[in-house]
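Asker: Fold the following.
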Amino acid sequence: MRERHVISQIAALTGPSSHPLLVQGIGDDCAVLSGQIADDHLVTTDMLVEGVHFDCRWHPAHLLGRKSLAVSVSDIAAMGGEARFALLSLALPSRLGDAWIAEFIEGFVSKLAEEQVILIGGDTVGGDKLVISVTVLGGVAQGKAIKRQGARPGDGIYVTGPLGLAAAALHLCQNQCFKIEDVAMSPWPNLLKALLDPEAQSAMGMLLGSFGGVSAMQDISDGIATDLAHICQASRVAAEIFADCLAPHPDLENYCRLVGLNPIDLQLRGGEDYQLLFTMPPRREPALFLACAAESLPEPQRIGVVREGAGIWLRQGGAATEITFQGYEHRS
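Answerer: Numbering: from 1, shown residues only. Down below sits the predicted model:
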């Protein structure tokens with residue numbers, strides 16, 4: 001599929017776009033944004049490289065398209081903002097056929113629709129390996145972006161959903177000779193969805209952005225041991241995580257029991273959860289839980305506390321072990 005055909009297919013699937021800020025979308029040298037913009041701008045970009053961030057042997061094209069957008073939308077959610085526009089650039093090796101490219105595009109477009117994000121441009125080139133670059137533009141009320149800096153001693157540490165599922169799925173795919181045709185038949189659908197088709201916590205991010213009282217936040221892409229370390233480093237504080245507060249998802253617990261892994265290790269050190277990790281005074285919990293109930297969102301789980309000092313510490317069985325920056329690192 002030649003470059004112009006890829007672009008034409010994307011344009012056909014996305015259709016004409018309408019947004020108060022969009023003057024010109026796909027079809028020109030640049031997109032044009034205009035109008036009265038009262039919000040602060042949010043801009044993020046992610047690059048996914050075959051063999052480093054994903055493996056086409058077990059990642060279906062449709063789901064890879066969806067994930068490619070979700071990971072960038074997750075960054076916008078982590079600032080308490082709303083994703084609005086996206087740009088998609090691809091380096092496509094010749095071995096990928098038209099059917100694979102079409103499935104990838106359809107997956108990407110389906111996630112655009114779910115997140116109500118408008119694709120406004122991008123680029124395609126040939127390459128030796130598949131490289132996906134996505135930029136997402138969003139907005140947040142002026143002065144309301146939630147940053148990593150701001151956590152204070154005494155704040156609770158919260159996560160918005162289960163941890164370690166994607167890490168367990170990665171172990172499954174890498175150690176069980178997993179192939180694409182195995183995805184639909186696997187007895188571990190919750191694990192595989194977390195890795196292959198993650199959900200950005202968009203609604204929760206916007207709720208936390210408007211709620212007030214959240215002192216610091218980011219999404220969990222490299223595991224809490226690393227992502228919480230970023231918050232603590234920026235805020236010049238320490239953090240203590242309580243092992244008995246890390247209730248594992250039943251599928252994570254069952255898989256770890258089957259293959260001899262420790263679920264706590266995957267919850268703390270595994271990557272690509274794309275849940276939100278934030279700090280907040282515990283006295284705000286009742287109000288937050290009421291706000292979540294009003295929006296039919298699950299209650300975040302408190303897993304630790306911010307302390308004075310430095311480093312990330314796991315409290316387990318009366319002993320504290322340092323786990324600072326011991327999360328997942330992508331390697332080629």
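Asker: just the strands in the stretch 1-150 of the chain please.
Answerer: In the stretch 1-150 of the chain, the strands defined using DSSP state E, counting those that start in this stretch lie at 22-24, 32-33, 40-49, 82-92, 118-126, 131-140.
Asker: Give me the number of neighbouring residues for Cys245.
Answerer: Per other Cβ atoms under 10 Å, the neighbour tally for Cys245 reads 13. For glycine as for every other residue, the C-beta is placed from the backbone atoms N, C-alpha and C.
Asker: Any figure for the gap between it and Ile101?
Answerer: 44 Å (Cβ to Cβ, to the nearest Å).
Asker: Could you double-check that Ala216 lies in contact with Leu276?
Answerer: No - assessed by Cβ atoms under 8 Å, Ala216 is found out of contact with Leu276, at 11.0 Å.
Asker: May I have the phi/psi pair for the closest residue to Ala310 other than its chain neighbours?
Answerer: Leaving aside its sequence neighbours, Ala310 sits nearest to Ala238 (Cβ to Cβ, 6 or more residues apart in numbering; 5.3 Å). Here is the backbone geometry of Ala238 (degrees, to the nearest 10): phi -110, psi 170.
Asker: Check the gap between Ala238 and Ala78 for me.
Answerer: Taking Cβ to Cβ, one finds Ala238 at 21 Å from Ala78.
Asker: For the two, work out which one has more neighbours and name it.
Answerer: Shown here are Ala238 and Ala78; by other Cβ under 10 Å, Ala78 has more neighbours (30 against 20).
Asker: my guess is that one contacts Gln218, does it?
Answerer: Yes - Ala78 is within contact range of Gln218, at 4.8 Å (criterion: Cβ under 8 Å).
Asker: Would you mind listing the residues touching both of those two?
Answerer: Common neighbours of Ala78 and Gln218 (criterion: Cβ atoms under 8 Å, 6 or more residues apart in numbering): Leu276.
Asker: can you list the domain ranges for the chain.
Answerer: In the domain annotation for the chain, the residue ranges read 3-140, 156-322 (automatic domain parsing).
Asker: Could you dump these into CSV and include distance to Gln149 and mean pLDDT?
Answerer: Formatted as CSV, these follow (distance: least, Cβ to Cβ, whole Å; pLDDT from 0 to 100):
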stretch, distance to Gln149, mean pLDDT
domain 3-140, 12, 85
domain 156-322, 4, 95
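Asker: Could you dump the strands of the stretch 1-150 of the chain into JSON lines and include mean neighbour count?
Answerer: JSON lines is the format used below for these (neighbours: other Cβ atoms under 10 Å):
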{"stretch": "strand 22-24", "mean neighbour count": "14"}
{"stretch": "strand 32-33", "mean neighbour count": "14"}
{"stretch": "strand 40-49", "mean neighbour count": "16"}
{"stretch": "strand 82-92", "mean neighbour count": "22"}
{"stretch": "strand 118-126", "mean neighbour count": "18"}
{"stretch": "strand 131-140", "mean neighbour count": "22"}
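Asker: so which of these comes closest to Leu195?
Answerer: strand 40-49 (13.0 Å; Cβ to Cβ).
Asker: picking up where we left off before, now tabulate the strands of the stretch 1-150 of the chain in TSV and tack on distance to Glu322.
Answerer: As requested, the strands of the stretch 1-150 of the chain are arranged in TSV below (distance: least, Cβ to Cβ, whole Å):
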stretch	distance to Glu322
strand 22-24	48
strand 32-33	46
strand 40-49	29
strand 82-92	35
strand 118-126	42
strand 131-140	34
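Asker: Compare those strands and report which one is nearest to Pro298.
Answerer: Pro298 sits nearest to strand 82-92 of all the strands of the stretch 1-150 of the chain, at 20.0 Å, using Cβ to Cβ.
Asker: May I have the strands that pair with that closest one, each with its orientation?
Answerer: Strand 82-92 has its sheet partners listed here by DSSP bridges as strand 118-126 (parallel), strand 131-140 (antiparallel).
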